[in-house]
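Engineer: sequence and computational prediction follow.
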Amino acid sequence: MKVVYSPDHARHDPAFFLVRGVARKSAEQPGRAEALLAAVRERGDSLVAPESFGAGPRAAVHTPEYLRFLETAWGEWQALGDSAAEIIPNIHPSRFAASYPRHVVGRAGWHMADTACPIGEHSWAAACAAADSATHGAELLLDGTREAYALCRPPGHHAYADMAGGFCFLNNSAIAAQRLRRAHERVAILDVDLHHGNGTQGIFWRRADVLTVSIHADPTQFYPFYWGYAHERGEGDGEGYNRNLPLPIGSGDEAFLAALDEALETVRAFAPGALVVALGLDAYEGDPLAGLGVSTEGFGRIAAAIAAAGLPSLLVQEGGYLAPELGANLASFLSGFEQGRG
């Protein structure tokens, strides 16, 4: 398996994470990527450093105002003189009509959905490296590689076109899918993260050329709460090109695999030229964010089923947090994927 990896991920090291009113250390730590890297090294996978693709792939998915904010906001925030080391919004616009703010505090609330994505001095550089990793993975597929793994950090699937959230800044899976559209009339994104890929859904909500399918913990009692319900199907040209398969909290291997069968039926009917797998390992039964109950062996079975679809596939790392089995879960998935190829 070709693995795209940049050490620049470690430049993003968030401290703040608010859980039910309690400030804690963020679960989205550089050690996540180090554990995943150790696993692919132990497997003997081929490591590839991503090229720098510049602003183009990011701008193909995200708005100019949002990208300018991510690039410049930390400097403006520090210039206020009485601000914290990380940007954490303390105000958000209501759901009613609002005007785009000029002050950095207002723009922080506008462009950050929650407090789980604090922006530090080097967050922008790390996010760009993750986007470049996803883009490079897409380029490998465009050059004829059948499967590749982009070890992206920070993750991306909660990021909308103009809004960060849930540890995510740039939507790596969406950026990869958009890049693959250069050669394919249709591209599918299959999200197997613990959490609903709400940002990805939002980006492609009105489009028929990119199918989005997400299997995740039921949002009635789990992040992101507002999105990820089965009745959300897209709008306009995109109606019918979004599918959500929420699972009851605590669901294990068999429930996940049953939902995956449905998801893959939807993908096959769409007949895409390529598949992006938003690979979250946080569905693991021992993950710190505890929502589903997939086993280490289960990840191999999930991967084998996806691989059997026979599509050129890019695996883009999303969630999966610091449990002792994190590396083993990735190894199980990658090995299962290779076995599923037959």
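Structural biologist: Structure's in. What do you need?
Engineer: what lines up beside the longest strand seen in the chain in the sheet?
Structural biologist: Scanning the chain for the strand with the most residues, using DSSP state E, yields strand 210-217. Strand 210-217 has its sheet partners listed here by DSSP bridges as strand 187-191 (parallel), strand 242-247 (parallel).
Engineer: most tightly surrounded among those strands?
Structural biologist: Greatest average neighbour count among these goes to strand 187-191 (a mean of 28), per mean count of other C-beta atoms under 10 Å. Yep, even glycine has a C-beta here, placed from its N, CA and C like the rest.
Engineer: so what's the gap between that strand and the chain middle?
Structural biologist: Here strand 187-191 is found 11 Å from its chain centre; the criterion is C-alpha atoms, centre = their mean, to the nearest Å.
Engineer: tell me where the stretch 51-200 of the chain has strands.
Structural biologist: Assigned strands in the stretch 51-200 of the chain, in chain order: 147-150, 187-191 (criterion: DSSP state E, counting those that start in this stretch).
Engineer: nearest to Leu170 among these would be which one?
Structural biologist: strand 147-150 (12.4 Å; C-beta to C-beta).
Engineer: any chance of the strands paired with strand 210-217 in a markdown table with mean pLDDT and distance to Pro7 as columns?
Structural biologist: As requested, the strands paired with strand 210-217 are exported to a markdown table (pLDDT from 0 to 100; distance: least, C-beta to C-beta, whole Å):
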| stretch | mean pLDDT | distance to Pro7 |
| --- | --- | --- |
| strand 187-191 | 99 | 26 |
| strand 242-247 | 98 | 35 |
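Engineer: make TSV from those strands and add distance to Phe17 to it.
Structural biologist: Below are these laid out as TSV (distance: least, C-beta to C-beta, whole Å):
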stretch	distance to Phe17
strand 187-191	22
strand 242-247	24
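Engineer: quick one on the thing from earlier: what's the closest of the strands of the stretch 51-200 of the chain to His111?
Structural biologist: strand 187-191 (22.3 Å).
Engineer: about what we covered before: save the strands of the stretch 51-200 of the chain as a markdown table, and put in distance to Cys117 too.
Structural biologist: Formatted as a markdown table, these follow (distance: least, C-beta to C-beta, whole Å):
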| stretch | distance to Cys117 |
| --- | --- |
| strand 147-150 | 20 |
| strand 187-191 | 18 |
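Engineer: ok, which of these comes nearest Phe169?
Structural biologist: strand 147-150 (15.4 Å).
Engineer: what is the closest one packed up against?
Structural biologist: strand 2-4, helix 123-142, strand 313-317 (3 or more C-beta pairs under 8 Å, 6 or more residues apart in numbering; DSSP states H and E).
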